[in-house]
Each structure stands twice: as structure tokens, then as C-alpha cells.
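**Student:** One predicted model, sequence on top.
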Amino acid sequence: MQNLFGIAALALAGLIGGGFAQAQVVQGGLELRWGDPAPASGRRSVPTKFEAALVLDSGARIPLDPDQARRGAGDLYALGNRRVAVQFSVAKSSAGGRRIEAIVPADAPDTARAHGLTGKSDGVAKATLGATRWITVACRFSDIAEEQKPVTFFRDQYGDAPGQLGHYWREVSYDKIHLTGSDARGWYALPHPRSHYVTEEDGEKDADLTALFNDCTAAADADVDFSQVIGINLMFNGDLDGYAWGGGRCTTLDGVNRCWSSTWNPPWSFNNLAPLAHEMGHGYGLPHSDNSDGDDDTYDNPWDVMSDGWSNAVRDTTYGSRPKHINILQRDRLGWVDAARKRTIAAGSARTRLAVDYASLPLPTAGNGLPDNIRMLVLQTPQSPDPYRGTWYTVEARRPIGDYEGRLAGDAIIIHRVGSDYRYEAESQDSDWPPADTANNEGSMFKVGEAWVSPDGLFSVYVESTTATGFTLVVGGDARVTGGKGPRRRK
């Protein structure tokens, strides 16, 4: 992956005492929030929402332009729920606000020096490991009496049996995280009706997520010690703005000031484990994935619950749609893929034969009989002249098996492109033309005897054979396997 250390040096002028209006550099917590629409019949027509904000130590919240924030940070998603420094230019943007020049981490000694910062985002999210304890808080609007599920339902969602969140996150993280100690409380009455929190202007609904978070956690404060959890799942007994939301909330709770992983869930979301896991993924800092059809629908990649959680999903009689796994890049973002399970091949490298095991398999340990093969192959392109627009590819093996992956579209090699347009979101590759609207087609799956050539002509991947645990590939740092450029297949 592109190394973003040491790029675009930033001088820290210091926090000028007069406040935000005079300051070039401002520090605070970075809130990132994704809004995901309710499922619709047929194709989704409602786009995702994405918000970014800097929360100052005073509690003031400064909205950030998402596109400017992405450009200023490099990999913005690596900085979610962290303390950052944002440098604003003196000149205002065309929209009237101050333009973002850079966003850098400020929560580590080597990046938050006394009077200077030396780089933008390092492009690597902080690893999420060990205990990740969540609390569910169920709140009802003052004008809606229905409580769709008992609190025991929410508590049981965190269980360690197949189909429950505790089991799911252990499996998908290769046992790197667990939800032990997670609990649920509720239902608590909010002080206001739904119309206070969800307003409408020109036909557009807007949910005040900050007010919903503040009032719901305040209602539960006597029963919950929020300092003991990293994540807060908020459940509401009425629709919000047509979306479920996931990401972060930076504030002070029970004497602790930090950024909590947070979700805001209407009934359609908490009735199904897939959308709830999707929002928790945002809470852990995961962005969406996509496919390569070029439209603005990010919910069309069924190989990742962080894209399409509904297609090819296993159904559960208690918890509705189960979440599929996340793609290998998402696992790697959170520190769940060991270095020994990754291999990088640079453009121009000689052809290499190697085995890639299914991403859903546990990691090999003494006694479990699994081979010592990789789970993640990275195809690294040359450094881009613009270091924030570099592209690379990830290769992984997937198959329809197990408690969560049982209805995947096929047994195949799946390839994602990463790094376009500052978004650092994985886009599944499709050899069909035009690409399919939803990436559960044959063109998105590369099987034995088939090959893929990267659109830039820098790489080729030939699926040579199957193994008991995955596939053997022949990978080249050029297009020689198929003798040409562009996406194509060969049988």
C-alpha cells in the first residue's frame, strides 16, 4: 500500500489564543459518520450519507467538508475516532468556510510535537485488538410508546453462539477482538417527541444525531458506566431520517473525554444483525466497499457486509439477515491480518506461483492442521506523482460455507482495487463489460482456468488450481498471462 509517511510537511503555527477564527491549526476529536438507507425493493435509489466533524475540547463541533477532509488527510478513515490536528488555510473556500489544508494524527507523541507536525495521515488505522466492550441503550421517543424488542433481545445479540455478534466478530477478526462484557439497558424515555430530533425541510429529513446521542446516554447514565465501554449502540423505537448511522461521537461521559464508537439504529436496523454489524463496522472505523460499475451506489458489493449486507446473506430465524464477512482489506485496516499472512508483489516483478487460502479460515496455529499460506495478496503499483491518489489491488479467496458466508455467490478468487479518488475504499473488480450492477456475477469471480489483467496492464492473476484450503495462483507484475491489457477472462 502507498506509504504516506513524510509526505507534505505541515508546520504547526500553534493554537492562537483567540480561538477558531484566528487559528490556522485546531486540535480535537475527529467524528466520521455514515448514514445507510433502509432497504428498498429492487435497486437502491437512495445514496449513502457521510459526515465529518472536528469536536473541540470545549465541546464545540465544527463540520468539515468531506471531500476536502479526504484530500487533507490522505486516508481519512484511518483517523476516525482519534485526536487530530486540522490545518485550515487563511483564505476561505468558494463555499465561504475555511479550506482544509491538512489533517494529521495528534494522539501519538511522535506526531503531536510541541510546536510542529511532520506529515499527513500515515495511512494506517490504529489496530483494534482485544476487548471491545459495547453497551446497547434502547430509547423511546416521548410520543411513541411501542418497544419493538425486549432488552433481553439486545443483550442476547452480543452472545458467542453462531449467529450472534460476539461469535461473528471473533470469527471475522481471526479471534483478535471479542465483545465479552457487552450488555444492554433500556427502554428509556427521551425528553422530547420524534419531531424534536428529526426535522424536515424541502422534503429532506434530518436527524440530529448529536442530540439523540446526548439525550439517550443521559437517560441511561444512572445505570451505565460509559467509561468501561468502547462502543455504544443506540436503539430507537421509531424511524430516524430513513437511515441507520454508524461512526463516532466525541464527548465526555462519566468523567472521560474521548471518541466512542457509536451507532444510531431504527427498528429495521436492529431487527437484523447484518445492518447492525455494518454500523458497528463504521464504529470500528471501516468505510464502505463498492464494485466497479462506476455508479454512485456503494451497496452493490455482496463480498463485504460493509457494502451489500442483504444480497447473498444467510437468514436467521431470530436475528434476521446475518452479516457476511468483511473483505481482506477491511480486516487488514484493523490489524487482524498478521504480517506472515500477507504478501506484496510490486509491478514489474517476475511471475510467481503461490497458494492463497480462504479468508474465512482460521489462522494456522499449532495443532489445527492448516497450512502456512497467505490470506492477503497485495499488488502494488508504482508510486503515484500525487501520493494520495495511488492505486493498488488486493486478492483473496472466498467460498460459500459457514454460519455467515454460506450463501456467497461462488467459490473463487475475488480482487479489489483500492485507493482511487482519496477514498481508500475497496472496489471489487469485474471482467464483464459493462460491469454488473451487483458484484455477485461470474465476472466478479475468478475460478480455475481463468485470468484477470488489471485495467492499467500492470498485473495479471491466473487461477491455476484448487487446493484443500484455497487456490494456487500464478501472479505476474505485467499482463503476460493473457497477453493484453484490460479486464478479460480466459478458460
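**Tutor:** Ah, there it is.
**Student:** measure the nearest residue to Arg140 once chain neighbours are set aside to Ile135 for me?
**Tutor:** In this structure, Arg140 finds its nearest non-sequential neighbour in Asn237, 4.3 Å apart by C-beta to C-beta, 6 or more residues apart in numbering. (C-beta placed from N, C-alpha, C; glycine too.) For Asn237, the distance to Ile135 equals 18 Å [C-beta to C-beta, to the nearest Å].
**Student:** ok, now Thr469?
**Tutor:** Thr469 sits 38 Å away from Ile135, going by C-beta to C-beta.
**Student:** higher neighbour count, the two?
**Tutor:** Ile135 (25 against 16; other C-beta atoms under 10 Å).
**Student:** Let me know the helix or strand that that one is in.
**Tutor:** strand 134-140 (DSSP states H and E).
**Student:** Pretty sure Gln228 is one of the things Leu253 touches, is it not?
**Tutor:** No: Leu253 is beyond contact range of Gln228, at 10.4 Å (criterion: C-beta atoms under 8 Å).
**Student:** higher neighbour count, the two?
**Tutor:** Set Leu253 next to Gln228 and count neighbours by other C-beta under 10 Å: Leu253 wins out with 20 against 12.
**Student:** In space, what's closest to the more buried one - neighbours in sequence excluded?
**Tutor:** Per C-beta to C-beta, 6+ apart, closest to Leu253 is Phe226, 3.9 Å.
**Student:** what about the closest residue to Glu51 other than its chain neighbours, distance to His416?
**Tutor:** Once flanking residues are discounted, Glu51 sits nearest to Arg33: 4.6 Å by C-beta to C-beta, 6+ apart. According to C-beta to C-beta, Arg33 and His416 sit 24 Å apart.
**Student:** Can you list the residue ranges for helices in the protein?
**Tutor:** Ranges of helices in the chain, per DSSP state H, are 66-73, 151-156, 165-172, 194-197, 209-220, 267-270, 273-283, 328-333, 402-405.
**Student:** contacts for the fourth one?
**Tutor:** So the one you mean is helix 194-197. Phe141, Asp143, Ile144, Leu190, Ala207, Asp208, Ala211, Leu212, Asp215, Gly238, Leu240 (C-beta atoms under 8 Å, 6 or more residues apart in numbering).
**Student:** tally of neighbours for the closest residue in space to the third one that isn't next to it in sequence?
**Tutor:** With sequence-adjacent residues excluded and distances taken as C-beta to C-beta, 6+ apart, Ile144 is closest to Gly238, at 4.7 Å. For Gly238, the count of nearby residues is 16 (other C-beta under 10 Å).
**Student:** Repeat that for Asp316.
**Tutor:** There are 17 residues near Asp316, going by other C-beta under 10 Å.
**Student:** Local confidence estimate at it?
**Tutor:** You'll see Asp316 listed with a pLDDT of 93.
**Student:** okay, which residue is most central for this structure?
**Tutor:** For the chain, the residue nearest the mean C-alpha position is Leu286 (1.6 Å; C-alpha atoms, centre = their mean).
**Student:** That one contacts Arg331, doesn't it?
**Tutor:** No: with contact defined as C-beta under 8 Å, Leu286 and Arg331 do not form a contacting pair (9.5 Å).
**Student:** where does Gly369 land on pLDDT?
**Tutor:** For Gly369, pLDDT reads 81.
**Student:** how much space between it and Pro362?
**Tutor:** In terms of C-beta to C-beta, Gly369 sits 10 Å off from Pro362.
**Student:** Low-confidence regions, the stretch 201-350 of the chain specifically.
**Tutor:** Counting by pLDDT under 70, not a single residue of the stretch 201-350 of the chain qualifies.
**Student:** ranges for the strands of it?
**Tutor:** Using DSSP state E, counting those that start in this stretch, the strands of the stretch 201-350 of the chain run over residues 204-207, 231-236, 243-253, 256-265, 290-291, 315-316, 320-321, 342-346.
**Student:** nearest to Arg185, of those?
**Tutor:** Judged by C-beta to C-beta, the one of those that comes nearest to Arg185 is strand 231-236, at 10.3 Å.
**Student:** quick one on the thing from earlier: correct me, but the residue nearest to Ile144 touches Ser142?
**Tutor:** No: Gly238 is beyond contact range of Ser142, at 10.6 Å (criterion: C-beta under 8 Å).
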